[in-house]
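Visitor: Okay, predicted coordinates and the sequence, questions at the end:
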Amino acid sequence: MNPSPITFLKGHGTENDFVIVPDPDNAVDLPATAVARLCDRRAGIGGDGLLHVVRSAAHPEARDMAGDAEWFMDYRNGDGSVAEMCGNGVRVFAHYLQHAGLVGAGDLAVATRGGVKRVHLDKQGDVTVSMGRALLPEDGVTVTVAGRSWSARNVNMGNPHAVAFVDDLAHAGNLFSVPAFTPAAVYPDGVNIEFVVDRGPRHVAMRVYERGVGETRSCGTGACAVAVAAARRDGADPALTGAPVTYTVDVLGGTLVITERPDGEIEMTGPAVIVAEGTIDPSLL
């Protein structure tokens, strides 16, 4: 008896695109090799990552969050590796739940390896995610591309980021491979590297090398890290002033709006879209 086809959807948030595999009971085995195959843009469906949609109670990594969040985003990078969090992924994940009729517009909690994330779905399609607080470790790195070097701010959004302010986004190079950074010991598990230019008051643009993926059209946690690094560079700290700070962050795939609140909570707002639905041939896995 042949195994049954597996349902999938394809979605994106500011063109950061994902294969979505609904699997409420955690019954689909998704080893790293299978995830990489599905995310392959020529031999598979294609995506920057995979969103495995599982009920928290059914997944060993999320059972302790089941009381706070019914659904767990078991997120994988495009190379099949497991990741702590993906900001654009959370928006697309929440939008899928709404698309599937599993949740309605309004507030929602989503379990991730980076903790429980609070989400708001509006009726126009924009999704706001509470991304948690940024950690700002003291130790930064120097990033070097094609003979140019920049000091990069260390920002942790549940995953590690190095934010470098540059004069021209072209100076980041092709971003096919991870840019060199020193000292390597600051990021023993690798790092997402953002290159940032100013566009106007509290308005920046960025390119990003995502760990395990390469350059992507957008990175939600990266946009949050960039907004926090830009605010500190500009002398703004909501914890000290008591006033929220909002930055518009242009990514290659669109625009995200990032607000840091006085309690440190960071909110990211942007679009999420479902573009296709179908079935996976089980032999691909």
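Guide: Great, that's in hand.

Visitor: ok, which stretches of the stretch 1-150 of the chain are strands?
Guide: Remark: strands assigned in the stretch 1-150 of the chain by DSSP state E, counting those that start in this stretch are 6-13, 16-22, 49-55, 71-77, 106-112, 115-121, 126-133, 141-145, 148-156.

Visitor: between the ones you listed, which one is nearest to Gly278?
Guide: strand 6-13 (6.1 Å; C-beta to C-beta). In this view, the C-beta of every residue, glycine as well, is placed from N, C-alpha and C.

Visitor: where does the chain have low pLDDT?
Guide: Within the chain, the set of residues satisfying pLDDT under 70 comprises 1-2.

Visitor: again, 90 this time
Guide: 1-5, 83-87, 114, 123-125, 131-132, 158-159, 211-213, 216, 281-285 (pLDDT under 90).

Visitor: still on that earlier bit, out of the strands of the stretch 1-150 of the chain, which comes closest to Pro179?
Guide: Of all the strands of the stretch 1-150 of the chain, strand 141-145 comes closest under C-beta to C-beta, at 5.1 Å.

Visitor: Just give the closest residue to the residue most central in space within the chain, not the sequence neighbours.
Guide: The C-alpha lying nearest the average C-alpha coordinate of the chain belongs to Cys86 (C-alpha atoms, centre = their mean; 2.5 Å). Spatial nearest neighbour of Cys86, chain neighbours left out: Tyr75 (5.1 Å); criterion: C-beta to C-beta, 6 or more residues apart in numbering.

Visitor: try His52
Guide: His52 sits nearest to Asp74 (C-beta to C-beta, 6+ apart), 3.7 Å away.

Visitor: who touches that neighbour in this structure?
Guide: 30, 51-54, 59, 61-62 (C-beta atoms under 8 Å, 6 or more residues apart in numbering).

Visitor: all helices of this structure, in order?
Guide: For the chain, the helices defined by DSSP state H occupy 32-39, 87-99, 220-233, 238-241.

Visitor: Export these as a markdown table, with columns for mean neighbour count and distance to Met157.
Guide: Formatted as a markdown table, the helices of the chain follow (neighbours: other C-beta atoms under 10 Å; distance: least, C-beta to C-beta, whole Å):
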| stretch | mean neighbour count | distance to Met157 |
| --- | --- | --- |
| helix 32-39 | 19 | 22 |
| helix 87-99 | 27 | 8 |
| helix 220-233 | 26 | 4 |
| helix 238-241 | 13 | 16 |
